[in-house]
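Chemist: Provided below are the primary sequence and the corresponding predicted coordinates.
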Amino acid sequence: MEAQKRSLQKRFPGAEVRVEGAVQVLQERVAAREPASILHAFRDDQYRIGDLQAIGYLRTRTDLFPEGYLGALYAKMKTGISGKPGNSWLESLFCGMSDLSYDVIVPYLASRPLCIMGIWKDGVFDAAGFIFPTVNIGMGDQKAAFAGYGFFRYCHGEQIWGSEEAKTLAMLGISFFFVELGLQALHGIRYISNAGTKNFLSPFGFRDTGCIPRYMLRSGKLVDGVASSLLRENFEAYVEQKLVEEYENARSEPGDDVLVDNRRSVAPGR
């Protein structure tokens, strides 16, 4: 297992990758043929893989979210896609909202469950992005939600966009929403021109379900919106496949305590 961790660590630089919980859930599911959710392994590990973690925002957790945290988050959003102050990032994230001022956005985020996706470095947790529900649907075990998400360009001074860290954080953040909000499905609306979001989310299992004409405001005009949906079972299938692939790749790579040849791979017991 140690060799597998070291191999996986290459994919998550600076992280002490922990895979035992997820692998154990996979093994138990196969042995018992029971539909236990693989996402519960992430919950048991506090939605953390090494230095990458998805954490639910709580105003009372001042050790992670000091007073004024949402205001600081808003200031970070104002940096914009170009890296210069402006509303470009806010317009993409809160597509359709006509008022993007501090007095509107901060109370809006404070009024709903917010999941911060971030990276630990030298004991400091810094936000790389966040996910928030816009509309909640249903009750009991029959619930779904529309949600929005966004990643900042940089975290701890290193670029996040296009990185493997962003993909892993999104996996953890989506897992957090499905488990903690008890969702059966997750939906989203995007501008037709936002191909980046489509390409980023489709590997997780999101599928476009239709176009809504003149649904969202953009520069003061109504424009079409594309709806996409992610079913929980499809996301769980993605997570299982991802973990199995990473685990098998790790087993096949040489290590100090792993013997690999053309016939077999022998790893130490747990």
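Modeler: Sure, I can see it.
Chemist: residues contacting the closest residue to Tyr154 other than its chain neighbours?
Modeler: With sequence-adjacent residues excluded and distances taken as Cβ to Cβ, 6 or more residues apart in numbering, Tyr154 is closest to Ile160, at 6.3 Å. Where C-beta positions appear, they are placed from N, C-alpha and C, glycine not excepted. Going by Cβ atoms under 8 Å, 6 or more residues apart in numbering, Ile160 touches 128-129, 151-154, 166.
Chemist: and what of Glu236?
Modeler: Under the criterion of Cβ under 8 Å, 6+ apart, the contact list for Glu236 reads 37-39.
Chemist: just to revisit the earlier point, can you say which of the contacts of Ile160 are buried?
Modeler: For these, a burial check counting by 16 or more other Cβ atoms under 10 Å picks out 128-129, 151-153, 166.
Chemist: Turn those residues into a markdown table, columns for distance to Phe200, pLDDT and secondary structure.
Modeler: Shown next, in a markdown table, are the buried ones among the contacts of Ile160 (distance: Cβ to Cβ, whole Å; pLDDT from 0 to 100; DSSP: H, G, I helix; E, B strand; the rest coil):
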| residue | distance to Phe200 | pLDDT | secondary structure |
| --- | --- | --- | --- |
| Ala128 | 14 | 95 | strand |
| Gly129 | 11 | 95 | strand |
| Phe151 | 9 | 93 | strand |
| Phe152 | 14 | 90 | coil |
| Arg153 | 14 | 89 | coil |
| Ala166 | 8 | 95 | helix |
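Chemist: Isn't Ile192 up against Cys211?
Modeler: Yes. Counting by Cβ atoms under 8 Å, Ile192 does reach Cys211; the two are 7.2 Å apart.
Chemist: For these two, list the residues in contact with both.
Modeler: Shared contacts of Ile192 and Cys211, counting by Cβ under 8 Å, 6+ apart, come down to 224-226.
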